[in-house]
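Undergrad: here is a sequence with its predicted model. Questions after.
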Amino acid sequence: MRRIAITVNGARRELEVEPRQLLVYALREQLGRPGRTSAATRPRAAPAPSTSTASRSSPAPCSRSRPWRERERSHGTAEQTGKFVGTSQLRKEDPELITGRGGYVDNVTLPGMLWVGVVRSPYAHATIGSIDVSAALELEGVIAASTGADLEFAAPLVLAWPINGEVKNPPHYPLTKDKARYVGDPVAVVVAESRAIAKDALELVEVDWQPLPAVTDIKAALEPDAPIVHEEFGTNNAGSWIMERDSPAPRRGPSAPFFDDPDLVTIKEEHYLARLIPNAMEPRGVVVDPNVSMGEYTVISSTQIPHILRTTLAITCGIPEAKLRVVAPDVGGGFGSKLEIYPEDAICLALAQKLNRPIKWIEERSENYVASLHGRESYQQIELAATREGVLKAVRVNLTVSMGAYLRLLTPGIPMLGAWLYHGPYECEGYDFQYTNVFTNTTFTDAYRGAGRPEATYAIERAMDTLARELDMDPVELRRKNFIATERFPNYTIASGLTVDSANYHGTLDKCLEVLDYEAIRAEQKERRERGDRKLLGVGFSTWIEMCGLAPSRVLAALNYIAGGWDAATIEIMPTGTVRALTGVSPHGQGSATVFAQVLADQLGVEYDDVDVVHGDTGTVPFGMDTYGSRGVSVGGVALFKAGEKLIAKARTLAAYELECAEEDLEFEGGNFTVKGTDRSANIKALGFNSWTAHNLPDGMEPGLSATHLYDPPNFSWPNGAHCCVLEIDQETGSIDILRYIAVDDCGVQLNPMLVQGQVHGGVAQGIAEALFEEAIYDAEGNLTTGTMTNYLVPGAPELPSFEIHDTVTPSPTNPMGVKGIGEAGTIASPPAVINAVVDALSHLGVRNVERPATPERVWNAIQEATR
Amino acid sequence: MIPAAFDYEVAESVEHAIELLGSTEDPKLLAGGHSLLPFMKFRLARPATLIDIGRISGLSGVSDGGEHLAIGALTRHHDLNHDPLVKEHCPLLAYAAGLVGDSQVRHRGTIGGSLAHGDSAADLPTIALTLDAEIVVRGPDRERTIAATDFFRGFYETALEPNEAIVEVRVPKTGAAGWSYIKFRRRALDWATVGIATVVEAGNGTIESARIGLTNMGQTPLRAAATEQALAGAARDRVAEATARADEGTEPPSDVSASSDFRRHLCRVLTARAVEEALSR
């Protein structure tokens, strides 16, 4: 031991330390942290009053014993909090983002960098006669111009989900050579010294277009005389997926007998789900930095999926994966729009390879509207069969889904993400589901926040209201009557054939009704109707479930999905005692770095500020599967936790060696391994330092205190909730004002309630947008008539109510943290709650449906038709 | 979002601006830029020269001209919204200016720019028309005054000559008359799907006169002439009947916000509400 004197914050202190601990961490541990605010003393966001700690079974105070590690593995009992887990830590990501110091793709400027402009088809369907780039090349500052004829690719863009043998997948090259198939289809590129020159040069490229008739409507595309998007198939039908034939999980029973049963009540309805544009705040962008002499390339892309992008670019561009590094820097939102392999990614890489200069492309907003993926768009037919008493017996679903002009990364599989969810949280005996994919001359569709699950929730939740009306039952009562009983869980195989981890459907609905005061609202509704009030009141519910955290690789294999669903994490204790965590997921706004630091701080017994999370760089982090499908925490977070367990196991071995005891004699608490019944202990940070020096390790132990884990979850995670919308409708103008929006969601254990609420806020806003505002409209010629933010109506704060966010906590038994996903819940839950409220408000007039988005004109027309 | 190349000139005075209008190639005046620049970024407008008049002093502000208010062409929407003279003598204008676009637009956009742009979906052209404003314009050799009724000629088309600039807008005071502006729109920051502006003078039980302006009901801002006539001298309880003709003579557009027919419907419903609101003031 050595005695030293130091001065911290003006106070002189003397202390004894081990020479080998004479490092920052030791001083911090014993003296506090000069010049820094400790996370432990930083004022935390107080739990919002609306957070229903009341609905949890144990009182709010955090237990320091971290029972979330040893908790009961069934729902609804243990309170899973730690010193940091379960608290609303402020986001680690925010200081740089809110001070304008974030590093987005567009912040990247490299010496010698050139800008790319993409020549896009102004026609939805047109043969390309010839392309003349000579005038563009003459413009000063233009370096190169390429068409599909001279920019070669090793393979088409990759489709990762060819759902079955029926799927028709046309080769999709980054630059189309023969004909354009949608407005925005890339046909040529110009490369210039500045973005403005590139933009000017685009106007000088002359394309000899021979326009063809276009088809934009899904049903019209299936007519015998429809223009054909891909002639080689002779049809626009891209193939079907039929549960009975294609599902790996047997459903409970066929639906037909129930629909043939004359004693049952049946309903049938069809909804058109409008096409949507994801609208991430940051459009896309790519910078490629080539090292041609070494054959190495760094691709900096505004993407959700750096790992998948690397693999697929390697295939399309013929560059070995080991020579490709993909970096997702700060990414300004995705919502699925950046879960994609785009022509521009491959084009920029090919150009960098060809020109041996850094290449940059930044998407414009109006370009984004035609060049980045769209979401939803389908006709959904749903039938229910139930007894007169309101017991649901069977559900039968048939979808016709727009693919757009090509199949992109996951396009044909998106509806399958809803396949098992069209009976919602309800019991039934017969279940059938199928969908047919259709090509049209429109921008390709793919995953948009919720992907398949909002569609399913919309169909069943709208149909349940219709059934309730048919049976003259209250919609809440009908739902309750059919909920899967809480006692069935955990791990209950639902009618569609998959196994739900845990749920308490009655519990979430109870909570929702408790907040709502349903009777008072029904009374006011009645009163307004009776006195002929111009403003009618409506209330709508959505009791939703979803499956997320994509997920067990074996299941994905059975669905004909080409990748796995696992993820990876590496944790390392650094010599100074800080923790470096590398994750294979690639957050782009979710706050994963915050949540993961909370998990590790508690698990390893270090401070929140001691943990730094690194993500989004294939050159640094372990190979993972990126961020989408609400998988960040439930897959990536669990991988991290399991790596933490491995790291602790190694530290325990070293601690036992240092303390000269058996490993079983050690207790691990607050970062210290203590010999039971003594005051002898070793801190994990010191063990990290000792592992790093490796001066005195047990024979055969590898230096360094780090661990890696690749986690493949045994099941999806199955969040659920109950949402309610109360709104009023001006029956003379059709305009809608949302008065209240209540969201009760159950995503299992909440690691950071503030971030959970943030996800719900954003998701509900996007769902309300879907219900009332947003719609991508093509005219008959295939022009996107909603091509800017002035006519594609993304709502803002003035259009939205103050949300009432509540929760219940039903831990998942699938993973040791008890977590489920929350990223998509709001968009899955909210559209039917809103439209059910709209129809409810007008139901006494005879209105049974209003197509979404429920614009004032549609609402007014519905009233006129019903009252005519 | 990158406009075509253009030259940029700064006008030191109104005279200088007019001189530049005559001496530069394909010029366009730049004031707040919140209509012009988006057009340029979409490359829907490609002026070869922008003449920035934003730094000319003396072109903004409101003064009392006795029977009217004299409003400098560069007066920004935000300032109209908060100006005590405007609030007192032309409250309709103050109110409507507060509904234009969003806060950023209102801090940059100018009344002269909005009128010169001549967008029939914009608020201030309708307000100017409803208030019987006069627009003072200066050219190379004369200044002239154009009544708002003569100013708006067609789709983004005004009576401004290519070498003229708006310098002032004269708005008659509305005294004790009731007024209203109903701006029906899907989102707070949108243009009006339909807008109805009114100035109504009423005595005991009788409407003396009503001026009704319509936003986004045709190629230009319009007055609901048939309803105005029907209301003049009418009893207060005849509002419903008179406003049933509010869309007469209009040719409203069809777009993603509303069909032409629905605009007509909204026009009738909202005009009735707007007149009642004005009568209640």
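TA: Perfect, I can see it now.

Undergrad: how is chain B partitioned into domains?
TA: Chain B breaks down by automatic domain parsing into domains covering B:7-52, B:62-171, B:179-279.

Undergrad: of those domains, which is nearest chain A?
TA: Nearest to chain A, of all these, is domain B:179-279, at 3.7 Å by CB to the nearest CB. Glycine gets a C-beta too; all of them are placed from N, C-alpha and C.

Undergrad: first to last residue in that closest one, what's the distance?
TA: Terminal residues of domain B:179-279 lie 8 Å apart, using CA to CA, to the nearest Å.

Undergrad: rounded mean pLDDT for it, please.
TA: Averaged across domain B:179-279, the pLDDT comes to 97.

Undergrad: does any bit of it sit next to chain A?
TA: Yes. Judged by CB under 8 Å from any CB of the partner chain, domain B:179-279 comes into contact with chain A at B:184, B:186-191, B:193, B:255-259, B:262, B:265-266, B:269-270.

Undergrad: from the chain's centre, how far out does that domain sit?
TA: Put simply, domain B:179-279 sits 15 Å off its chain's centre (CA atoms, centre = their mean, to the nearest Å).

Undergrad: again, but for stretch A:126-134
TA: With CA atoms, centre = their mean, you get 39 Å for stretch A:126-134.

Undergrad: let me know how buried A:Gly507 is, in neighbour terms.
TA: 21 (other CB atoms under 10 Å in any protein chain shown).

Undergrad: end-to-end on stretch A:466-482?
TA: 15 Å.

Undergrad: could I get the full set of helices for chain B?
TA: Assigned by DSSP state H, chain B shows helices spanning B:14-23, B:36-41, B:77-82, B:84-89, B:91-97, B:103-108, B:111-117, B:123-130, B:148-151, B:225-231, B:239-243, B:260-279.

Undergrad: now for the fifth one, which elements pack on it?
TA: Okay, so that is helix B:91-97. Applying 3 or more CB pairs under 8 Å, 6 or more residues apart in numbering or on different chains; DSSP states H and E, one finds that helix B:91-97 contacts helix B:77-82, helix B:84-89, helix B:123-130, strand B:178-184, strand B:194-202.

Undergrad: redo these as JSON lines? Include mean neighbour count.
TA: Formatted as JSON lines, the helices and strands packed on helix B:91-97 follow (neighbours: other CB atoms under 10 Å in any protein chain shown):
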{"stretch": "helix B:77-82", "mean neighbour count": "22"}
{"stretch": "helix B:84-89", "mean neighbour count": "16"}
{"stretch": "helix B:123-130", "mean neighbour count": "28"}
{"stretch": "strand B:178-184", "mean neighbour count": "23"}
{"stretch": "strand B:194-202", "mean neighbour count": "27"}
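
Undergrad: tell me which of the ones you listed sits nearest to A:Thr543.
TA: Comparison of the helices and strands packed on helix B:91-97 against A:Thr543 by CB to CB identifies strand B:178-184 as nearest, at 34.6 Å.

Undergrad: just checking, what packs against the closest one?
TA: Counting by 3+ CB pairs under 8 Å, 6+ apart, strand B:178-184 packs on helix B:91-97, helix B:123-130, strand B:194-202, helix B:260-279.

Undergrad: and the longest one with strand B:178-184, angle?
TA: The reference is to helix B:260-279. 150 degrees (axes from the mean of the first three to the mean of the last three CA atoms, to 10 degrees).

Undergrad: now do the buried residues in stretch B:56-64.
TA: Within stretch B:56-64, the residues that qualify as buried are B:Ile56, B:Leu59, B:Ser60, B:Val62, counting by 16 or more other CB atoms under 10 Å in any protein chain shown.

Undergrad: these in strands, which ones?
TA: Judged by DSSP state E, the subset of those located in strands is B:Val62.

Undergrad: could you export the buried residues of stretch B:56-64 as CSV, including distance to chain A and pLDDT?
TA: Listed next are these as CSV, based on distance: CB to the nearest CB, whole Å; pLDDT from 0 to 100:
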residue, distance to chain A, pLDDT
B:Ile56, 29, 95
B:Leu59, 29, 95
B:Ser60, 27, 96
B:Val62, 28, 98
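
Undergrad: what is the nearest of the buried residues of stretch B:56-64 to A:Ile218?
TA: Checking these one by one against A:Ile218 (CB to CB), the nearest turns out to be B:Ser60, at 53.9 Å.

Undergrad: next up, the contacts around the closest one.
TA: B:Gly72, B:Ala73, B:Leu74, B:Thr75, B:Arg76, B:Asp79, B:Thr110 (CB atoms under 8 Å, 6 or more residues apart in numbering or on different chains).

Undergrad: ok, for the second one, nearest residue in space, not its chain neighbours?
TA: Read that as B:Ala73. Sequence neighbours aside, B:Gly112 is the residue nearest to B:Ala73 in space, at 2.8 Å (criterion: CB to CB, 6 or more residues apart in numbering or on different chains).

Undergrad: would you confirm that the one you found contacts B:His77?
TA: No. Contact criterion CB atoms under 8 Å: B:Gly112 and B:His77 do not qualify, at 11.3 Å.

Undergrad: following element in sequence after the helix or strand hosting A:Ala314, please.
TA: Per DSSP states H and E: A:Ala314 is located in helix A:306-317. Moving toward the C-terminus from helix A:306-317, the next helix or strand (DSSP H and E) is strand A:324-327.
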